[in-house]
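J.: what shape does this take:
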Amino acid sequence: MHIEPIQNEYQNQIVDLILNIQQKEFNVPITLEDQPDLLNIKDFYYQSGGFFLGAFIDGKLVGTIALVKFNAEAGAIRKMFVQKEYRGKEYNIAQQLLEKLIQYSKEKGLSNLYLGTVSILQAALRFYERNHFITIEKEALPHDFPLMRPDNVFCQLQLNPAK
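T.: Numbering: from 1, shown residues only. The predicted structure follows:
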């Protein structure tokens, strides 16, 4: 398995992976039209100082994670998905993706990471809790946090708590 930054050239694989998980596996009522970022990864993620990572096994995209840097000190984690067959400790893909995103965020001087998800994704919420994210109220999000319509659970991770 290897992880690398990816952009628009992987758009079809990214869309297939994410929509299959969202719509077919978890029945989240979201469409491609609700996620225009997937159609222009370079502009949406990289232009602001964020990025989009892909995890590959034998050349096949099996996991993603993205960072939207929405202000000088904060970023939003987006598009954290791992194909069902590659989840869990055996492959450890989600953990490696998250650690690379956290490392990058610290290098860029961010102090906080935020994310929104849906309450049905209980395993994802437990994963974030194990990685020291705390659940916060929607009202506690920064005013410029990029909300996604279906999200109803929000989390925060302080990267440099000593500051």
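J.: what packs against the longest helix anywhere in the chain?
T.: Criterion DSSP state H: the longest helix present in the chain is helix 93-107. Counting contacts by 3 or more Cβ pairs under 8 Å, 6 or more residues apart in numbering; DSSP states H and E, helix 93-107 is packed against strand 2-5, strand 51-57, strand 60-71, strand 74-82, strand 112-117. Using the backbone N, CA and C atoms, a C-beta is placed for each residue, glycine as well.
J.: pick the most deeply packed of the ones you listed.
T.: strand 74-82 (a mean of 23; mean count of other Cβ atoms under 10 Å).
J.: and that one, what does it pack against?
T.: The elements that strand 74-82 packs onto, with contact taken as 3+ Cβ pairs under 8 Å, 6+ apart, are helix 11-19, strand 60-71, helix 93-107, strand 112-117.
J.: angle of the following helix or strand past the last one against strand 74-82?
T.: It refers to strand 112-117. Of the helices and strands lying after strand 112-117 in sequence (DSSP states H and E), the nearest is helix 122-130. On the basis of axes from the mean of the first three to the mean of the last three Cα atoms, to 10 degrees, helix 122-130 is oriented at 130 degrees to strand 74-82.
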